[in-house]
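Novice: Okay, sequence plus prediction incoming.
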Amino acid sequence: MEQKTEVMGEAAVPTQEPERQMYFMEQVKALVKRRSEEKGRPLTCCINTFGCQMNARDSEKLLGILEQIGYVESDSEDADFVLYNTCTVRDNANQKVYGRLGYLQTIKRKHPDMLIALCGCMMQEATAVEKVKKSYSHVDIIFGTHNIFKLAELLYRKLAGEKMVIDIWEGTDEIVEDLPIERKYPFKSGVNIMFGCNNFCSYCIVPYVRGRERSRKPEDIIAEIRRLVADGVVEIMLLGQNVNSYGKNLEHPVTFAQLLRQINEIEGLERIRFMTSHPKDLSKELIQAMKDCEKVCNHLHLPLQSGSSRVLKVMNRRYTKEDYLALVDRIREAVPDIALTTDIIVGFPGETEEDFQETLDVVRRVRYDSAFTFIYSIRTGTPAAAMEQVPEEIVKDRFDRLLAEVQKISGEVCGRDAGTVQKVLVECLDDHKEGYVTGRLTNNTVVHFPGDASVIGKIVDVYLEESKGFYYMGKPVENMEG
Ligand code: SAH
Ligand code: SF4
Ligand code: F3S
């Protein structure tokens, strides 16, 4: 295909991606090198990630670009380049960012040539950008969720003298492949299969800040996973806001179940996880694929949000309590020992005690391995924000009751494999106990057992000696005699 270019100074700048960003990475690399020589040390960068796995994966892409440019990663925010990848799903996520920005200002006073950038979901909200412009003028670059691939270009503009570089896209159809990525873990990785969300649950801001659903082509996904496996990855997490509607809008439509079956064939890959499944789109075909694909982990995260059919309707979730329970039955019939986890919102507008009791009822019937429980947070611009809110004390009381129930059940069910030998993927050294390592079962439960750094990233047979409620203490099988 003919390469289109635009002229910038002397050089011709490619207009196609990813070539354009490759070009800017080279440009910025030279500038970073010069600065680093002046300082007599490498330039450091620090990315602080808020929010979900989607953001975590985006941050790996951002770090990939920064390392390519010549920055060296640092844990400290006293760095030459600090980037906050923000979340806005609940208000406390926003408040954290504003708090940290105040703190960064004090560091920047001491290091005036430090660069500060903000990106991610919160920056897709005009009110947040206005607030940053007005009250946090020490921020240098602001971009959103649709153009993270442009970091090098935006940094170039900043270094070329722009005061505050702001580039927010309303939405996009573009998916830029093949840019550098720097993974946090050598042995496991997230893999985006789709971006955005079309569901517009009435409480949720995500569709407004992440745009409409776009699926990556299966061949791009498979090629990425093959590369990851060749690079030592044994476990992948397929990422999307609603993976069950994967592939519907592709030129050649593919279902999520078909994609799973293809990925299951990849040699050298050991474990496949995925997140998140919307109950309304979880098909029989997918349940069958989960049953047939031996690499698919024994864990399903199936957000409930509320157990009341009335509330679910107002939430625009498009399933009832009965649909959800029937779905759980079908899944358990196909995969009997599967661990189920969920998300629940307490205090959605208009939630009554009876509605809340319905939620408790589902929790008691399903018996989740764990549940993330959230207090409803008003998101400006969503339909639920305009509805009548439940008083704070009532919400707090329900939240405490729900949490107690969830924890009680979780303590009972998580120990179900005690006394058996299971495969554990070792993730790290144990934070709390010298000479121990920490890993996960395929059902995602944590196991601690004696071991050293040599087993990190390996799958080890472990005898689960004792359940401690939310985790196990175990012994590697070859050491059991000792
Ligand atoms: N796409 C996923 C969820 C992404 S957001 C899904 O549909 O399941 C993660 C969780 O945050 C949601 O499951 C929900 O429980 C919670 N959440 C979203 N908006 C919220 C709000 N306004 N207040 C409180 N919790 C919210
Ligand atoms: Fe939000 Fe609903 Fe989309 Fe999940 S499915 S991201 S809760 S709108
Ligand atoms: Fe937050 Fe955006 Fe994820 S709002 S939960 S980081 S999609």
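Specialist: Cool, got the structure. These figures come from a predicted structure and were not determined experimentally. Numbering: from 1, shown residues only. Ligands and ions are numbered 1, 2, ... in the order given.
Novice: Measure how buried the residue nearest to Q422 when sequence neighbours are not counted is and give me the count.
Specialist: Distances taken as CB to CB, 6 or more residues apart in numbering place L441 nearest to Q422, at 5.2 Å, with adjacent residues excluded. Placement of C-beta: from N, CA and C, glycine included. Each residue near L441 was counted by other CB atoms under 10 Å, and the total is 22.
Novice: With the one 10 residues further on instead?
Specialist: G451 is flanked by 24 other residues according to other CB under 10 Å.
Novice: Surely it touches E434?
Specialist: No - judged on CB atoms under 8 Å, G451 makes no contact with E434 at a distance of 11.5 Å.
Novice: Get me the contact residues on the protein for ligand 3.
Specialist: Those residues of the chain that sit near ligand 3, judged by CB under 6 Å from any ligand atom, are 51-52, 54-55, 87-89, 121, 206, 209-210.
Novice: Highest neighbour count among these?
Specialist: C121 (27 neighbours).
Novice: Contact partners for it?
Specialist: By CB atoms under 8 Å, 6 or more residues apart in numbering, the contact set of C121 is 51, 55, 86-89, 144-145, 205-206, 209-210.
Novice: Name the nearest residue to whatever residue of the chain ends up closest to ligand 3, ignoring sequence neighbours.
Specialist: Scanning the chain for the residue nearest ligand 3 gives G51, at 2.6 Å (criterion: CB to the nearest ligand atom). If the residues on either side of it in the chain are set aside, G51 comes closest to C87, at 2.7 Å by CB to CB, 6+ apart.
Novice: The residue of the chain closest to ligand 3 reaches R90, doesn't it?
Specialist: No - when contacts are counted by CB under 8 Å, G51 is not listed as touching R90 (9.7 Å).
Novice: By mean pLDDT, flag the weakest helix or strand of this structure.
Specialist: strand 5-8 (a mean of 54; mean pLDDT, DSSP states H and E).
Novice: Please, which helix or strand holds E130?
Specialist: Using DSSP states H and E, E130 sits within helix 126-135.
Novice: in that helix, what counts as buried?
Specialist: Under the neighbour-count criterion of 16 or more other CB atoms under 10 Å, helix 126-135 has 128-129, 132 buried.
Novice: where do the helices sit along the protein?
Specialist: Using DSSP state H, the helices of the chain run over 19-39, 53-69, 91-110, 126-135, 151-159, 206-210, 218-230, 256-264, 284-292, 309-314, 321-334, 353-366, 392-413.
Novice: Can you give me the buried ones in the longest one?
Specialist: Taking 16+ other CB under 10 Å as the neighbour-count basis, helix 392-413 is seen to contain the buried residues 395, 398-399, 402, 405-406, 409-410.
Novice: Pull up the residues of the stretch 201-350 of the chain that are close to ligand 1.
Specialist: So the stretch 201-350 of the chain meets ligand 1 at 203-204, 206, 241-242, 276, 278, 303, 305, 343, 345 (CB under 6 Å from any ligand atom).
Novice: Take those and write them to CSV, including distance to P476.
Specialist: Compiled in CSV, these are given as follows (distance: CB to CB, whole Å):
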residue, distance to P476
Y203, 45
C204, 43
V206, 41
Q241, 38
N242, 39
T276, 33
H278, 38
P303, 35
Q305, 40
D343, 34
I345, 41
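Novice: which two in these are spaced the farthest apart?
Specialist: N242 and I345 (16.7 Å; CB to CB).
Novice: more neighbours, these two?
Specialist: Between N242 and I345, counting by other CB under 10 Å, I345 is the more crowded of the two (25 against 20).
Novice: so what's that one up against?
Specialist: 203, 305-306, 315, 374-376.
Novice: For those residues, which two are the farthest from each other?
Specialist: M315 and I375, at 15.0 Å, using CB to CB across the contacts of I345.
Novice: Of those two, which one has the most company?
Specialist: More crowded of M315 and I375, by other CB under 10 Å: M315, with 20 against 17.
Novice: So that one sits against S202, correct?
Specialist: Yes - using CB under 8 Å, M315 is in contact with S202, at 5.4 Å.
Novice: which residues are common contacts for those two?
Specialist: Shared contacts of M315 and S202, counting by CB under 8 Å, 6+ apart, come down to A384.
Novice: Filtering the contacts of C121 by proximity to ligand 2, which remain?
Specialist: V206.
Novice: which one of the contacts of C121 is nearest K284?
Specialist: So of the contacts of C121, ranked by how close each gets to K284 (CB to CB), first place is V206, at 26.9 Å.
Novice: list the contacts for M237?
Specialist: So M237 contacts 53, 188-191, 273-275 (CB under 8 Å, 6+ apart).
Novice: Tell me the one of those residues nearest ligand 1?
Specialist: So of the contacts of M237, ranked by how close each gets to ligand 1 (CB to the nearest ligand atom), first place is M275, at 8.1 Å.
Novice: which residues does the closest one bridge with?
Specialist: L239 (DSSP bridges).
Novice: Quick check: closest non-adjacent residue to N244.
Specialist: Using CB to CB, 6+ apart, the nearest residue to N244 is D281, at 3.6 Å.
Novice: is it true that the one you found touches G240?
Specialist: No - in this structure, D281 is not within contact of G240 by CB under 8 Å, at 11.0 Å.
Novice: ok, the closest residue to G240 other than its chain neighbours - how many residues close by?
Specialist: Nearest non-adjacent residue to G240, counting by CB to CB, 6+ apart: M194, 3.9 Å away. A total of 24 residues lie near M194 under the criterion other CB under 10 Å.
Novice: And the pLDDT at E219?
Specialist: The predicted structure scores E219 at 97 on the pLDDT scale.
Novice: Please disregard the earlier target; I meant G9.
Specialist: 56.
Novice: Who are the contact partners of the spatially most central residue of the chain?
Specialist: The centre of the chain sits closest to Q53, judged by CA atoms, centre = their mean, with a distance of 0.8 Å. The neighbours of Q53, taking CB under 8 Å, 6+ apart as the test, are 190, 237, 239, 275.
Novice: mind putting those in JSON lines, pLDDT and distance to V366 included?
Specialist: Output for the contacts of Q53, formatted as JSON lines (pLDDT from 0 to 100; distance: CB to CB, whole Å):
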{"residue": "G190", "pLDDT": "97", "distance to V366": "26"}
{"residue": "M237", "pLDDT": "98", "distance to V366": "22"}
{"residue": "L239", "pLDDT": "98", "distance to V366": "24"}
{"residue": "M275", "pLDDT": "96", "distance to V366": "18"}
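Novice: farthest pair in these?
Specialist: Farthest apart among those - using CB to CB - are G190 and M275, which lie 8.8 Å from each other.
Novice: anything in contact with each of those two?
Specialist: Joint contacts of G190 and M275 (CB under 8 Å, 6+ apart) are 53, 237, 239.
Novice: Surely Q27 is in contact with Y156?
Specialist: Yes - counting by CB under 8 Å, Q27 touches Y156, with 5.5 Å between them.
Novice: Any idea how many residues pack against N92?
Specialist: Neighbours around N92, by other CB under 10 Å: 11.
Novice: from memory it sits against I378, does it?
Specialist: No - counting by CB under 8 Å, N92 sits too far from I378 to count as a contact (11.9 Å).
Novice: contacting residues for the residue lying closest to D292 once chain neighbours are set aside?
Specialist: In space, and not counting its chain neighbours, D292 is closest to R261: 7.3 Å by CB to CB, 6+ apart. By CB under 8 Å, 6+ apart, the contact set of R261 is 289, 292-293.
Novice: Which single residue in the stretch 1-150 of the chain comes nearest to ligand 2?
Specialist: For the stretch 1-150 of the chain, CB to the nearest ligand atom, closest residue to ligand 2: V89, 8.0 Å.
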